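>>> coords below, sequence missing:
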């Protein structure tokens with residue numbers, strides 16, 4: 001019904017995505033009450049609200065924390081929730097073109113945020129425009145725009161203290177045909193005394209890697225405290241640098257991936273620690289024991305259970321995302337994706353058992369997101385899956401994922417696209433892209449879905 005209008009506007013849609021990608025909206029904490037997540041995120045929100053105004057929608061900036069674009073009448077509110085913040089991206093990480101300079105090559109739009117989540121947000125907005133310009137609906141439709149999804153969700157938490165909750169809806173921030181289950185998410189922080197014999201540790205560094213990204217870089221810088229000589233050799237993944245004053249720097253290079261799919265990456269922190277274990281002596285058996293009990297396993301670490309921890313939503317995965325050194329303590333931050341039927345608290349208790357090995361260890365939990373689960377035969381899941389199958393001539397079922405999306409923010413919400421079945425997950429990747437044809441197709445799918453929920 002809405003395909004013709006979306007086709008008519010597809011060049012404007014592409015231009016809007018490109019302009020949004022140009023804004024390097026990596027969320028940051030600030031002390032400015034007008035810019036709680038930094039100026040780039042504020043600029044991204046301003047761009048979207050201005051675009052919404054130009055299209056004839058009602059818009060609102062909610063104290064700089066988030067905003068929305070809305071149309072329709074009626075008491076009931078249908079929601080679409082997406083985010084404008086992105087994970088960091090540096091050209092030196094290996095991008096073919098600058099990450100915040102969008103380009104189209106081979107039918108693909110490249111740029112940070114193209115698939116996560118700026119492209120899907122714009123696709124949703126143009127879907128709303130196609131409905132607004134052609135037919136009346138019985139409910140209001142609101143596109144909610146977050147600015148802190150990649151970090152702490154403080155944006156949507158703020159929204160929930162100020163604004164009306166939608167009664168039904170979706171987040172365009174995962175996979176088609178639809179997501180009926182999302183694993184629970186929890187991060188674990190371990191702090192314990194640590195030292196390397198004959199060396200004074202200056203720092204560990206992983207370039208402020210995000211907790212939800214497999215780290216592609218990790219390093220240690222340390223100064224020798226004795227005259228003992230070490231013969232250290234670089235490898236394809238490890239680089240050794242001799243600095244001034246008997247100081248050396250060891251760098252490890254891996255491959256980044258989304259923490260929901262750690263098997264797609266190569267963890268630089270693990271590479272670094274393996275190298276240290278093979279070449280240095282330590283003041284305790286801390287790291288050796290952590291390796292032996294499986295802390296660095298990416299799937300169902302063996303110290304958590306004798307059996308694999310999995311259910312229909314998948315297997316428990318672990319990503320050691322951050323390494324730091326402070327006050328003579330090694331700090332490890334670990335991101336877990338926990339199957340929907342497994343208690344997050346039970347998993348945390350398992351980590352607390354590390355105190356049996358190391359009485360001085362500190363074990364903390366943070367970033368807790370309870371799992372999402374909606375029955376496959378519910379109205380919402382069946383409706384959205386049926387629309388996708390009809391638009392793509394397929395017969396697929398809803399799926400479960402390890403990622404955590406804004407769909408958890410409200411009851412009766414699921415994630416819906418924009419990654420298509422069989423496509424490589426480009427979220428958080430170097431050379432992130434979205435296929436232009438699929439971006440347009442997704443907008444058509446979203447239009448049908450929004451209309452069905454709001455008619």
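Okay, I see it. Keep in mind the model is a prediction, meaning the values are calculated, not measured. Residues are numbered from 1 along each chain as shown.
>>> And the strands in the stretch 51-200 of the chain?
With strands called from DSSP state E, counting those that start in this stretch, the stretch 51-200 of the chain shows them at 58-62, 66-72, 77-83, 103-105, 108-110, 140-146, 168-171, 174-175, 179-182, 184-193, 199-205.
>>> Against which helices or strands is the last one packed?
When contacts are defined as 3 or more CB pairs under 8 Å, 6 or more residues apart in numbering; DSSP states H and E, strand 199-205 sits against strand 217-224, strand 317-326. C-betas here are computed from N, CA, C, even on glycine.
>>> Also the fifth one?
Helices and strands touching strand 108-110, by 3+ CB pairs under 8 Å, 6+ apart, are helix 10-21, strand 103-105, strand 433-435, helix 436-454.
>>> As JSON lines, these with mean pLDDT would be great.
Supplementary listing: those in JSON lines, determined by pLDDT from 0 to 100:
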{"stretch": "helix 10-21", "mean pLDDT": "98"}
{"stretch": "strand 103-105", "mean pLDDT": "98"}
{"stretch": "strand 433-435", "mean pLDDT": "98"}
{"stretch": "helix 436-454", "mean pLDDT": "98"}
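>>> wait, which of these is closest to residue 312?
helix 436-454 (24.1 Å; CB to CB).
>>> that older thread, turn the helices and strands packed on strand 108-110 into a markdown table, including distance to residue 361 and mean neighbour count.
Supplementary listing: the helices and strands packed on strand 108-110 in a markdown table, determined by distance: least, CB to CB, whole Å; neighbours: other CB atoms under 10 Å:
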| stretch | distance to residue 361 | mean neighbour count |
| --- | --- | --- |
| helix 10-21 | 43 | 19 |
| strand 103-105 | 48 | 13 |
| strand 433-435 | 42 | 23 |
| helix 436-454 | 46 | 23 |
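>>> Without its sequence neighbours, what residue ends up closest to residue 125?
Once its chain neighbours are removed from consideration, residue 125 has its nearest residue in residue 143; the separation is 6.0 Å (CB to CB, 6 or more residues apart in numbering).
>>> What number of residues are in the vicinity of that neighbour?
As a burial measure, the neighbour count of residue 143 was computed by other CB atoms under 10 Å and equals 25.
>>> now it: how far from residue 13?
Distance, residue 143 to residue 13, using CB to CB, to the nearest Å: 14 Å.
>>> now the helices for the stretch 351-455 of the chain?
Assignment of helices within the stretch 351-455 of the chain using DSSP state H, counting those that start in this stretch yields the ranges 379-392, 436-454.
>>> can you pull the contacts of residue 237?
The neighbours of residue 237, taking CB atoms under 8 Å, 6 or more residues apart in numbering as the test, are 252-254, 266, 268, 271.
>>> Sketch out the low-pLDDT regions of this structure for me.
228-229 (pLDDT under 70).
>>> domains of it?
Taking automatic domain parsing as the criterion, the chain consists of the domains 3-182+372-454, 185-369.
>>> so which of the ones you listed is the most packed in?
The highest average neighbour count among these, using mean count of other CB atoms under 10 Å, belongs to domain 3-182+372-454 at a mean of 20.
>>> Look up how far residue 441 lies from the closest residue to residue 56 other than its chain neighbours.
With CB to CB, 6+ apart as the measure, residue 132 is the residue that lies nearest to residue 56, at 6.9 Å, once sequence neighbours are left out. When CB to CB is the yardstick, residue 132 and residue 441 sit 20 Å from each other.
>>> what's the answer for residue 54, then?
24 Å.
>>> same deal with residue 106?
From residue 106 across to residue 441, the span is 17 Å (CB to CB).
>>> Make sure residue 4 is indeed in a strand.
No: going by DSSP: H, G, I helix; E, B strand; the rest coil, the assignment for residue 4 is helix, not a strand.
>>> phi, psi of the nearest residue to residue 273 once chain neighbours are set aside?
Beyond its immediate neighbours in the sequence, the residue positioned closest to residue 273 (CB to CB, 6+ apart) is residue 287, lying 5.8 Å away. The phi and psi torsions at residue 287 (degrees, to the nearest 10) take the values phi -70, psi -40.
>>> contacting residues for residue 287?
194, 273, 276-277, 330.
>>> I'd like the helices and strands packed on strand 199-205 as JSON lines, with distance to residue 8 appended.
What follows is the helices and strands packed on strand 199-205, written out as JSON lines (distance: least, CB to CB, whole Å):
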{"stretch": "strand 217-224", "distance to residue 8": "45"}
{"stretch": "strand 317-326", "distance to residue 8": "43"}
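>>> Quick one: closest of those strands to residue 211.
Proximity to residue 211, assessed across the helices and strands packed on strand 199-205 by CB to CB, is greatest for strand 317-326 (4.8 Å).
>>> Give me the contacts around the closest one.
When contacts are taken as CB under 8 Å, 6+ apart, the neighbours of strand 317-326 outside the stretch itself are 187, 194, 201, 203-206, 209-215, 218, 259-263, 267, 269-270, 272, 295-301, 330-337, 402.
>>> How about stretch 305-313?
181-183, 299-300, 315-316, 338-342, 347, 350, 371, 373, 400-402.
>>> same thing but at 6 Å, please
Outside of stretch 305-313, the residues within contact range by CB atoms under 6 Å, 6 or more residues apart in numbering are 181, 183, 300, 316, 339-342, 400.
>>> residue furthest from the geometric center of this structure?
The outermost residue of the chain, judged by C-alpha distance from the chain's mean C-alpha position using CA atoms, centre = their mean, is residue 227 at 45.6 Å.
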